[in-house]
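Student: prediction below, plus the sequence it came from.
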Amino acid sequence: MSVTLTLEKIKMKPNDNFMQQLLNTRNIGIIAHIDAGKTTTTERILYYTGKIYRMGEVHEGTATMDWMQQEQERGITIMAANTTCFWQDKKINIIDTPGHVDFTVEVVRSLKILDGAVVVFCAVGGVEPQSESVWHHADKFSVPRMAFINKMDRVGADFNGTINQIHERLTSSAAAIQMPIGHESSYSGIIDLVEMRVVFFKEVDEDTDIKLTFEEIPADLLEEASKQRHILIEKVSENDDILLDKYIHNKEITNDDLKKAIRRTVVSNKFVPILCGSSLKNKGIQLLLDAICDYLPSPIDVPMIIGKNPETDKQETRKARKDEKLCFLAFKIMSDPFVGKLVFVRVYSGTLKSGSEVYNVNRQKTERINKLVRMHANKQSIVEEAYAGDIVACVGLKITKTGDTLTDEAHPLLVEEINFPEPVAYLSIEPKTKADQDKLANALHKLQDEDPTFRVRYNLETGQTVISGMGELHLEIIVDRMFREFNVGANIGKPHVAYKETITKFMRCEGKFIQQTGGHGQYGHVIFEISPSKRGAGVEFENLIKGGTIPREYIPSVKKGVIEGAKNGVLAGFPVIDINVKLVDGSFHEVDSSDLAFTMAATYALSEGMRKASPVLLEPIMEIEITTPTEYLGDVIGDLNSRRVDIKHISEKRNLKIIQAFAPLSEMFGYASSLRSLTQGRAVYTMEPSHYSEVPKNIAEKVLS
């Protein structure tokens, strides 16, 4: 990793009309399905805003934001990277996120702290599986967004078809604000439906620059443009009372009226404007930048940050003001070989100063910030202060983890933590030599700090270290980084499925923990009713104790015992999920009862109940989508049937067949090679975790043997 430590040139003076600066700030993410063109789009944005002076290419491994060796070699984004650029009078903080499902954690934690997003779609592929996934994550965090239909110059580009898919699969509250002129090789410009003018993309030179020329709409396109503008006005009016009033009373709707209405509806997350272009050919990027500045929200436009005061247990808010009480969220951690641990933070309120002490509300400890830096991919620029609305990285924080809230100690506020998906695959790893043992432990600790979906545990029976992650590629990248960045010598096992356990019937169970040692003893006694819960529920705990048979102060310890006990099931030690545990009775001893005793009693009760409640094994089921030429359909389906795949739907798009199905992860290891060989490399597939399902008895017997 190269590091540039320079004092950043301040383009906006912090004391100079701060509120206006905040209004001119955009914190956005670029999100999409893999290979839709996110990083290429970001690269062009950086070029046109003057942040870089020569454009790199993803396929050549020279893209600015793909700085990791693994990204450059594979041509994919693995780690979200952020940078800051300026367009017109607006400051734009950009996070370029991965599109591969194995690295969804990067999308989730980025969307948590962003004010807006640009969702990139491929004009040929349309709405692809990971497009839906990132869209739903944006819905979860209520992130306003706009859509950019990329690759309009490619064979098979279908602008209207992609819009129809957006309406069918994502949202009906979306409409084009641009209409393409030409398609595939004839794509040459757009009609701006807001300003009602033609914008042509004129090549200044072969490799880089595109000049925009503005003309009146030709007569042969005016009717269609007017129709599309009418559709746009209707869609926006559905969610904006001011424009609706003018629309239903047949009042004149000016370009400025429409523009303001689009901004209001985008900021309130009620409308999604759709643009188009070709990032690789540099077409449409300047217009996309204009739209980002015109329509996406500033930190002032989004709702105030809400959190819970840990001292009063009441909700509080913080305004995006630099003189407000300090509150910021750690959303990402990166290991830097030169400065150590870099903690990326979003400042929600107040002023964060280099050299200051801050309070980690989650860990209830004070830490010191040695240095603040603004990031440009992996390069750093030192800044002395960061204000509400800023995204920066901190050097010096030791105990802070992803999702932690930091404030000043006198005014603590706990912002809701980020929930991350559970790993679905694991493999064993062991150091080659004793010297590698410490290196391995250090590497795993740092990688776990960086990635909340990467887990490490030690198997006492085999003496092996077991690492788990979101899929084959995720684990492959982790192992590759251990070898290259941390110089660890290790033997690696084959990937395995991260099975889970659950129960299939109701059971009443009892647990006692009694010890007498001469002095104070230990006494804990609980009675549970355990039953199966719905899929995806995890471990549910309910306290139904009435009348004080177990004092209230011991209930958290009982819950802790349940959570601890659920980490290891009774069939093969796999974690227990989808179970409801009700604490219905028990007893205590006035002298001997303790937190430890009730924790142990709860663990024993759960283990005993699991054994009697007909436990079963669960396996991760993946949602897959395979796109194959029609002539290979039979071979592909035959292979899928041999893998216990449940085919849900087969559709057609031109001369291609699209298969949507659910597949057990255990049957899909190495599928990429099999599919290539069946289709001469012409088919592609995507796969993402869907749910857990019971393992068939014959398969379960093999797993447990």
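Tutor: Structure received. Residues are numbered from 1 along each chain as shown.
Student: at which residues are the strands of the stretch 451-600 of the chain located?
Tutor: 455-459, 464-469, 490-492, 496-497, 500-503, 507-515, 522-532, 539-543, 579-587 (DSSP state E, counting those that start in this stretch).
Student: can you tell which of those is closest to residue 198?
Tutor: Nearest to residue 198 among these is strand 464-469 (49.3 Å), distances taken as Cβ to Cβ. The way it works is simple: take the backbone N, C-alpha and C, and place the C-beta from them, glycine included.
Student: helices along the stretch 551-700 of the chain, start to end?
Tutor: 555-565, 595-612, 633-641, 671-679, 697-704 (DSSP state H, counting those that start in this stretch).
Student: my error: substitute the stretch 1-150 of the chain in the last question.
Tutor: 18-23, 38-48, 69-74, 104-113, 129-140.
Student: and what of the stretch 201-350 of the chain?
Tutor: Under DSSP H, counting those that start in this stretch, the stretch 201-350 of the chain gives helices at 219-237, 241-248, 255-267, 285-295.
Student: so which of those helices is nearest residue 192?
Tutor: Going by Cβ to Cβ, the one of these nearest residue 192 is helix 285-295, 7.6 Å.
Student: for that closest one, what is the average pLDDT?
Tutor: Across helix 285-295, the average pLDDT comes to 95.
Student: quick check: domain ranges of this protein?
Tutor: Domain assignment for the chain by automatic domain parsing gives 20-295, 306-415, 425-497, 501-613, 618-704.
Student: now those in JSON lines, with mean neighbour count?
Tutor: Shown next, in JSON lines, are these (neighbours: other Cβ atoms under 10 Å):
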{"stretch": "domain 20-295", "mean neighbour count": "20"}
{"stretch": "domain 306-415", "mean neighbour count": "19"}
{"stretch": "domain 425-497", "mean neighbour count": "17"}
{"stretch": "domain 501-613", "mean neighbour count": "18"}
{"stretch": "domain 618-704", "mean neighbour count": "16"}
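Student: so residue 198 sits against residue 219, correct?
Tutor: No - here residue 198 lies out of contact with residue 219, judged by Cβ atoms under 8 Å, at a distance of 11.7 Å.
Student: include mean pLDDT when you put the helices of the stretch 1-150 of the chain into JSON lines, please.
Tutor: As requested, the helices of the stretch 1-150 of the chain are exported to JSON lines (pLDDT from 0 to 100):
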{"stretch": "helix 18-23", "mean pLDDT": "89"}
{"stretch": "helix 38-48", "mean pLDDT": "90"}
{"stretch": "helix 69-74", "mean pLDDT": "78"}
{"stretch": "helix 104-113", "mean pLDDT": "90"}
{"stretch": "helix 129-140", "mean pLDDT": "87"}
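Student: quick one: the ones you listed as CSV, columns for distance to residue 162 too.
Tutor: As requested, these are exported to CSV (distance: least, Cβ to Cβ, whole Å):
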stretch, distance to residue 162
helix 18-23, 32
helix 38-48, 16
helix 69-74, 26
helix 104-113, 20
helix 129-140, 10
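Student: still on that earlier bit, residue 362 is nearest to which of the helices of the stretch 551-700 of the chain?
Tutor: Nearest to residue 362, of these and by Cβ to Cβ, is helix 555-565 at 17.2 Å.
Student: so which elements touch the closest one?
Tutor: strand 539-543, strand 579-587, helix 595-612 (3 or more Cβ pairs under 8 Å, 6 or more residues apart in numbering; DSSP states H and E).
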